[in-house]
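In: Here is my input; please provide its structure:
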Amino acid sequence: MTLKPCVVCGEPSAKSRCPSHRPKDRKPSRQQRGYDAAWQELSRRARRLQPWCTDCGSTEDLQLDHLPSAWERKAAGKTIRLGTDTEVVCGSCNRGRGKARGGDPNRTGQHPHAKAQGALHTGGGYV
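Out: Numbers count the residues shown, from 1 in each chain. As a prediction, this is how the structure comes out:
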């Protein structure tokens with residue numbers, strides 16, 4: 001086997017980094033973090049039923065966000081419910097919300113590109 005220098009220290013190594021410079025923690029896979037096939041199907045269904053962001057009205061980069069109750073139900077062996085345990089949001093709004101599994105939500109008010117709620121569900125104006 002040909003050895004090559006470690007990209008950090010230059011020591012000979014079989015891989016690009018020697019054992020002492022390899023990353024220690026790898027991010028768990030999507031499945032390991034709870035996003036299994038059932039979650040993927042739930043997400044597809046929710047985004048098909050509601051093709052806009054709940055927070056800002058965007059139709060781009062939609063994701064299914066889970067509320068803390070979703071993880072409580074999953075841990076108890078129950079089904080995650082659409083609407084009650086989840087919301088469709090864009091990636092930007094989802095990242096701004098914080099972690100549903102114990103992080104503090106970062107809700108500082110309305111999204112800068114938000115539409116008025118009445119405009120989301122009407123033919124183009126306010127009710």
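In: Specify the helix with the largest residue count in this protein.
Out: Of all segments of type helix in the chain, defined using DSSP state H, the longest is helix 37-49.
In: what about N94, is that helix, strand or coil?
Out: For N94, the secondary structure call by DSSP: H, G, I helix; E, B strand; the rest coil comes out as helix.
In: Identify each buried residue in stretch 36-45, please.
Out: Neighbour-count burial for stretch 36-45, with 16 or more other CB atoms under 10 Å as criterion, is recorded at 39, 42-43. For every residue, glycine as well, the C-beta is placed using N, CA and C.
In: So what touches it?
Out: Applying CB atoms under 8 Å, 6 or more residues apart in numbering, the external contacts of stretch 36-45 come out as 63-64, 80, 82, 86.
In: Quickly note the distance from E41 to R73.
Out: As judged by CB to CB, to the nearest Å, E41 and R73 stand 16 Å apart.
In: And the average pLDDT for stretch 81-97 is what?
Out: Here stretch 81-97 scores 91 as its mean pLDDT.
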